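Student: dropping a prediction and its sequence here:
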Amino acid sequence: MSAPEHADTAAEDTAAEETAAEAAGGEAGGGEQLSGLDKAAATLASLLPTGAAAAAEDAARPTEPKLDAQGRAYATGKRKDAVARVWIKPGAGRVMVNGRDAETYFARATLRMVMNQPFEAADRRDQFDVMATVSGGGLSGQAGAVRHGISKALANFEPGLRPVLKKGGFLTRDSRVVERKKYGKAKARRSFQFSKR
C-alpha cells in the first residue's frame, strides 16, 4: 500500500469514527444527530458493493403478486420436451388441460398426482382453477411441465408460498432430457450386437 492510499484510508477511518461519536454522544441537537446518522448510513452504503445494496433493498421490500387484468397468475413450465403455459385463479379446483378436463387428459392417476403435488405441498388443494395448454413430449413429460407451471404460477400469485415450493423442489426445472444418439452406436449408449466372426 502506497503512502497516499494509506492516508486516504486513515481519513475514511477517522471520518467514520467521528460520525459514530456524534451519533453516540448526545451533545449535539437532535437535528445534527440525525444528520450524523444519515452520514453514517451514506458512508455504509458507499462501502457496500452496488449489487449487494440493491439485493438487500429487494429482500427488505415485500413482494407483490404478479397478476394479469383478469386476476390470474401466469407461468411457463417445462419438463423433458414438453412446454406448458399455465394460468391459475381462485376457484373451486377445476383443472383444464388443452381444453379438456384433467381427469380425461391425464387418465393415469399417477400423472394427476404429479400435477397436483404443488397444491398439496402448499396446502391449497381445490382453491385454484387451472387452465393449461401443453405441447411436446409424452404424457409423463407434459404432466411434469404442468406441475412446474403450476408451481411457478402459485409463487407469482402468492409470493409467501415460494419457500415451501422451493423446499419441495417444485420451482426447479428438471434438466434431465434424452441423451443424443452417437454415430457408431444403436442409441445413445447401446452398441450393435457383437459378432465374433
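Tutor: That came through, no problem. Numbers count the residues shown, from 1 in each chain.
Student: how about Thr63, nearest residue that isn't a chain neighbour?
Tutor: Spatial nearest neighbour of Thr63, chain neighbours left out: Pro159 (4.1 Å); criterion: Cβ to Cβ, 6 or more residues apart in numbering. (Each C-beta comes from the backbone N, C-alpha and C, glycine too.)
Student: on the three-state scheme, Met96 is what?
Tutor: Following DSSP: H, G, I helix; E, B strand; the rest coil, the label given to Met96 is strand.
Student: any idea what it is bridged to?
Tutor: Under DSSP bridges, the beta-bridge partners of Met96 are Asp101, Met131.
Student: just the pLDDT for it.
Tutor: pLDDT, Met96: 97.
Student: with the one 10 residues further on instead?
Tutor: On pLDDT, Phe106 comes in at 97.
Student: isn't it up against Met113?
Tutor: No. Using Cβ atoms under 8 Å, Phe106 is not in contact with Met113, being 9.3 Å away.
Student: so which of the two has more stuff around it?
Tutor: Using other Cβ atoms under 10 Å as the criterion, Phe106 and Met113 rank with Phe106 on top: 23 against 13.
Student: from Gln142, how far out is the more buried one?
Tutor: Applying Cβ to Cβ, to the nearest Å, the value for Phe106 to Gln142 is 8 Å.
Student: quickly list what's touching both of those two.
Tutor: Residues touching both Phe106 and Gln142 (Cβ atoms under 8 Å, 6 or more residues apart in numbering) are Val97.
Student: so how many other residues sit close to Pro90?
Tutor: Neighbours around Pro90, by other Cβ under 10 Å: 11.
Student: how about it, nearest residue that isn't a chain neighbour?
Tutor: The nearest residue in space to Pro90 (Cβ to Cβ, 6+ apart) is Phe128, at 6.1 Å.
Student: distance of that neighbour from Tyr183?
Tutor: Phe128 is 48 Å from Tyr183, by Cβ to Cβ.
Student: ok, the two, which is more surrounded?
Tutor: Phe128 (25 against 4).
Student: can you give me the pLDDT of Gln33?
Tutor: 52.
Student: touching, Val95 and Val130? I think so.
Tutor: Yes. Here Val95 reaches Val130: they are 4.4 Å apart, a contact under Cβ under 8 Å.
Student: who touches both of those two?
Tutor: Ala102.
Student: count of residues packed around the residue nearest to Thr63?
Tutor: That count, for Pro159 with other Cβ under 10 Å as the rule, works out to 14.
Student: again, but for Phe157
Tutor: Phe157 has 21 neighbouring residues, counting by other Cβ under 10 Å.
Student: same deal with the one 4 residues further on?
Tutor: Counted with other Cβ under 10 Å, residues neighbouring Leu161 total 19.
Student: tell me the predicted confidence for Ala82.
Tutor: The predicted local confidence for Ala82 is 97.
Student: before we move on, which element is Val87 in?
Tutor: You called it Val, but residue 87 is Trp. Using DSSP states H and E, Trp87 maps to strand 82-90.
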